[in-house]
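S.K.: the following block contains a protein sequence and its predicted model.
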Amino acid sequence: MKHIFLVEDDWAIARNLSRLLHAEGFEVIHAPTRTEAAALLARNKFDLALVDVSLPDGNGFSVCMEIKAAQDIPVLFLTASGDEASVVTGLNMGADDYITKPFRPRELTARIRAALRKSGRAAAVFELGGLRVDIASGFVKKNGGDVFLSALEYRLLLVFLNNPGQVITRDILLSELWDASGEFVNDNTLSVYIKRLREKIEDDPATPQIILTVRGIGYRLGGGHASE
């Protein structure tokens, strides 16, 4: 389980963020001030930090520098202003990314997973039912043989790998494919892509074990394991 360090003075935001990240499989430790952040940083090891730019006893820029000096982990800034100068300052201080409040939950978790992958702290290889996906390289193999996926088929597979154990609605999948292709993807098209993907990665597409159907809702990934 990946450990997220959340430095945020707004308790309502911190509570909602913690719930969201717990649901996504992350462990969260929260600090509402720079002082408490420094104390927690000295006692804990983290995989990634989410840091608010504005804190009651300082600013997120100094916290970012302290985090980077103590632990080699990605830092993502949370900013309410969207102020370009603040964003530039944060990136110059060593931040890896930023996200503007209010943010969409899926966007935040996608940014977190991308930062973890880039830093080498996210699982790089996923294996299930003879399927092996090397996310870092983009290689997909089935029972030792290469599997050739289209860009949208691979994108669809990544959505499942990035949300293990989660039921993913058809609406969410449609949104993901639409964002990736830049073209409208309808419900029938989604069914076609699911069918094509199953034909390439399942032992028996008629009784899938990797991409499971949740009737009336959507799909979810079958059991499997990821490794560093």
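M.R.: Received the coordinates, thanks.

S.K.: contact partners for Ser62?
M.R.: Arg34 (Cβ atoms under 8 Å, 6 or more residues apart in numbering). (C-beta placed from N, C-alpha, C; glycine too.)

S.K.: one more time with 10 Å
M.R.: Arg34, Ala37, Ala38, Val51, Leu55, Met93 (Cβ atoms under 10 Å, 6 or more residues apart in numbering).

S.K.: greatest separation within the residues you listed: which pair is it?
M.R.: Farthest pair in the contacts of Ser62 (Cβ to Cβ) is Ala38 and Met93. Separation: 16.0 Å.

S.K.: tell me the helix or strand right after the helix or strand hosting Phe126.
M.R.: Using DSSP states H and E, Phe126 falls within strand 125-128. Sequence order places strand 131-134 as the next helix or strand after strand 125-128, per DSSP H and E.

S.K.: pairing partners for that following strand, with directions?
M.R.: strand 125-128 (antiparallel), strand 139-142 (antiparallel) (DSSP bridges).

S.K.: among the ones you listed, which comes closest to Ala110?
M.R.: With Cβ to Cβ as the measure, strand 125-128 is the member of the strands paired with strand 131-134 nearest Ala110 (16.7 Å).

S.K.: buried residues, that closest one. List them.
M.R.: Neighbour counts using 16 or more other Cβ atoms under 10 Å place Phe126, Leu128 of strand 125-128 among the buried residues.

S.K.: on that earlier part again, so which of the contacts of Ser62 belong to strands?
M.R.: Val51, Leu55 (DSSP state E).

S.K.: select only the buried ones of the contacts of Ser62 in PyMOL?
M.R.: Of these, the buried ones can be selected in PyMOL as follows, counting by 16+ other Cβ under 10 Å:
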select buried, resi 34+37+38+51+55+93
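
S.K.: isn't Cys126 right next to Leu161, touching?
M.R.: Residue 126: Phe, not Cys. Yes: using Cβ atoms under 10 Å, Phe126 and Leu161 qualify as a contacting pair, with a distance of 5.2 Å.

S.K.: now Gly94. Nearest residue, chain neighbours left out?
M.R.: Ranked by Cβ to Cβ, 6 or more residues apart in numbering and with sequence neighbours excluded, the top spatial neighbour of Gly94 is Lys68, at 4.7 Å.

S.K.: how near is His30 to Glu24?
M.R.: Counting by Cβ to Cβ, to the nearest Å, the gap from His30 to Glu24 is 16 Å.
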